[in-house]
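[1] sharing a model prediction with you, sequence too.
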Amino acid sequence: MASTELVVGDLVRLSAGDRVPADIRLTVAKDLFVSQSVITGESEILEKNAGTLSRGQARSYAEYRNLVFMGSALTGGSGEGVVLAVGEDTVYGGFTAAESSRKNGFDQGANSIAWVLIRFMAVLVPVVLIACGLTKGDWVSAFLFALSVAVGLTPEMLPMVINACLAKGSAAMGKKQTVVKNINAMQGFGSMDILCVDKTGTLTGDQITLEYYMDILGNESQKVLDLAYLNSLYHTGVKNHLDDALLQCREMPGRQGYFLELAAQHPKLDELPFDYERRFASVLVEKEEENLLIIKGSIDEVCGRCGSVEYKGQRQAISGDGMESVRAIVDEMLEDGMKVLAVAYKPLNQATLSPEDEHDFILLGYLAFFDAPKESAAGAIQKLHMKIFRDLIYVMQGMMKADHKFYKAHGIYDFPQKQKKRILQMKLVGAMLAVPSIQKKMKGQMNQYIIGPYQKVVEQAKKQAGPR
């Protein structure tokens with residue numbers, strides 16, 4: 001059912017990853033976490049429930065714990081609720097209505113031109129009418145002439161010229177394999193200085209696989225895989241490729257029954273979903289002796305909350321150089337282009353979670369994921385390096401020409417030390433690119449575009465100057 005068809009009183013079910021389609025009063029909520037940044041501008045993740053608020057308790061949007069607002073994003077859990085408002089009657093709808101009434105710079109400029117012409121017409125037409133009527137005595141002809149002046153002041157071609165310019169820009173973007181859905185967006189696009197876009201999928205195949213599951217020393221560890229699997233299985237936040245790759249381990253030959261039994265032995269009790277401040281997900285599962293709180297996420301964030309490590313069943317407190325030991329294992333995989341997550345846990349004698357419980361964990365190990373590059377990735381990277389190299393050459397050429405003019409104007413004809421330093425810097429920049437094909441071409445391009453031309457200019461300057 002489309003969100004545009006919702007009416008007040010409808011019952012809506014929500015789950016992680018959904019965008020709230022209306023202002024809804026929750027009647028059921030299970031580990032429901034919501035981001036209201038589109039409403040409040042704050043990135044904080046809020047937990048919602050179906051409870052009743054006392055009178056005067058809520059003074060801000062964040063304090064309405066039993067309401068979810070249109071446009072908010074569900075980051076974890078599930079829930080149900082009754083629609084209270086739709087469309088422009090919602091909180092978000094009121095914001096968008098006010099925002100739509102604001103014009104951008106292009107529209108403001110067009111409106112200002114229109115108002116200038118209207119003022120000219122308001123002043124000039126009566127003057128022309130009165131002047132012609134008094135001098136000629138024919139008021140009908142004077143009116144028609146004044147009317148023709150008003151029409152002449154109207155820029156009939158202006159809309160067509162504007163649309164033609166926008167269409168030309170859209171066609172130019174089409175040649176760059178960019179689709180412009182709204183032609184009016186071209187004027188905003190042309191006002192940009194820097195455009196930042198997501199590069200996901202341009203260099204890699206976007207098919208992540210779990211390569212290694214290891215303990216703190218880099219040895220394969222089944223316990224790390226088991227706890228990470230339970231974390232990915234139970235957390236109800238927005239799923240990602242890393243969780244999908246991790247859950248694929250149950251498809252390994254002969255292992256499906258093992259992971260089914262593992263999940264049956266450790267049912268879920270509670271969770272705190274992933275957010276971009278903590279950068280890890282917490283899941284509380286049941287165990288025979290005592291419950292386990294399992295976290296999986298960023299190396300720095302997880303290790304920063306650990307007080308000890310576990311290796312082959314033995315626990316040891318983390319020393320002052322603990323992060324250096326972690327980096328010794330992790331950095332090598334990161335340099336190979338892998339995504340590495342840390343896994344930690346702690347026993348917990350309770351059935352619910354709070355943020356205060358997320359400390360003093362036991363670091364268990366790491367997960368390494370790999371996203372294989374596309375076949376075309378090597379060529380794309382090489383072209384990028386070559387473009388950077390060419391741009392650097394052009395910049396250096398411009399700098400050297402400017403310097404030469406300065407030296408010639410002041411009668412300096414020796415090869416300046418400043419130029420030698422710049423050429424050396426250029427060689428170092430090229431070496432830093434570390435691409436074999438560029439390394440081969442670098443020497444020839446340096447001689448062709450920088451060193452050779454500059455030496456010729458210096459020799460010509462010396463000849464023109466004559467003996468000193």
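    In hand now; what should we look at? Note that the structure is a prediction, hence the values are computed from the model and not measured.

[2] from now on I want contacts and neighbour counts done on CA atoms only, so please keep to that.
    Noted.

[3] residue ranges with poor pLDDT in the stretch 301-450 of the chain?
    Applying pLDDT under 70 to the stretch 301-450 of the chain picks out residues 377, 385, 388-450.

[4] meant to ask about the stretch 1-150 of the chain, not that
    Within the stretch 1-150 of the chain, the segments meeting pLDDT under 70 span 43, 56-59, 96-107.

[5] the closest residue to Tyr366 other than its chain neighbours: which element?
    Nearest in space to Tyr366, with sequence neighbours left out and distances taken as C-alpha to C-alpha, 6 or more residues apart in numbering, is Ala342 at 4.5 Å. Assigned by DSSP states H and E, Ala342 belongs to strand 339-348.

[6] quick check: next helix or strand after that strand?
    As assigned by DSSP H and E, the chain's next helix or strand after strand 339-348 is strand 361-373.

[7] might one say that the residue nearest to Tyr366 is in contact with Phe369?
    No - using C-alpha atoms under 8 Å, Ala342 is not in contact with Phe369, being 11.6 Å away.

[8] more neighbours, those two?
    Legend: neighbour count by other C-alpha atoms under 10 Å for Ala342 and Phe369, higher for Ala342 (28 against 22).

[9] picking up where we left off before, from Asp215, how far out is the residue nearest to Tyr366?
    Separation of Ala342 from Asp215 (C-alpha to C-alpha, to the nearest Å): 10 Å.

[10] mutual contacts of these two, please.
    Common contact partners of Ala342 and Asp215 (C-alpha atoms under 8 Å, 6 or more residues apart in numbering): 364-366.

[11] residue furthest from the geometric center of the chain?
    Distance from the C-alpha centroid of the chain, by C-alpha atoms, centre = their mean, peaks at Gly137 (71.5 Å).

[12] and Leu158, how far from Ala110?
    Remark: distance between Leu158 and Ala110 (C-alpha to C-alpha) = 10 Å.

[13] what do the two both touch?
    Common contacts of Leu158 and Ala110 (C-alpha under 8 Å, 6+ apart): none found.

[14] how many neighbouring residues does Thr27 have?
    17.

[15] doesn't it belong to a helix?
    No - looking at Thr27 with DSSP: H, G, I helix; E, B strand; the rest coil, it is strand, so not inside a helix.

[16] I'd say it and Val68 touch.
    No - applying C-alpha under 8 Å as the test, Thr27 and Val68 come out as separate, 11.1 Å apart.

[17] between the shared contacts of Ala342 and Asp215, which has the most around it?
    Taking other C-alpha under 10 Å as the neighbour criterion, Tyr366 ranks highest of those with 29 neighbours.

[18] which residues touch that residue?
    212-216, 218, 224, 340-343.

[19] bridging residues for it?
    Counting by DSSP bridges, Tyr366 is bridged to Met214, Ala342.

[20] per-residue pLDDT, Leu284?
    Model confidence at Leu284, given as pLDDT, is 93.

[21] how near is Leu124 to Leu26?
    Counting by C-alpha to C-alpha, the separation of Leu124 from Leu26 is 63 Å.

[22] tell me which of these two has more neighbours.
    Between Leu124 and Leu26, counted using other C-alpha under 10 Å, the more crowded position is Leu26 (24 against 15).

[23] skipping its backbone neighbours, what lies nearest Lys374 in space?
    Excluding its sequence neighbours, the residue lying closest to Lys374 (C-alpha to C-alpha, 6+ apart) is Thr204, at 5.0 Å.

[24] what's the answer for Val179, then?
    Nearest one to Val179, counting by C-alpha to C-alpha, 6+ apart, is Met173 at 7.1 Å.

[25] just give me the neighbour total for that neighbour.
    Close neighbours of Met173, defined as other C-alpha under 10 Å, add up to 14.

[26] equivalent analysis for Glu290, please.
    14.

[27] and for the one 4 residues further on?
    For Ile294, the tally of surrounding residues (other C-alpha under 10 Å) stands at 23.
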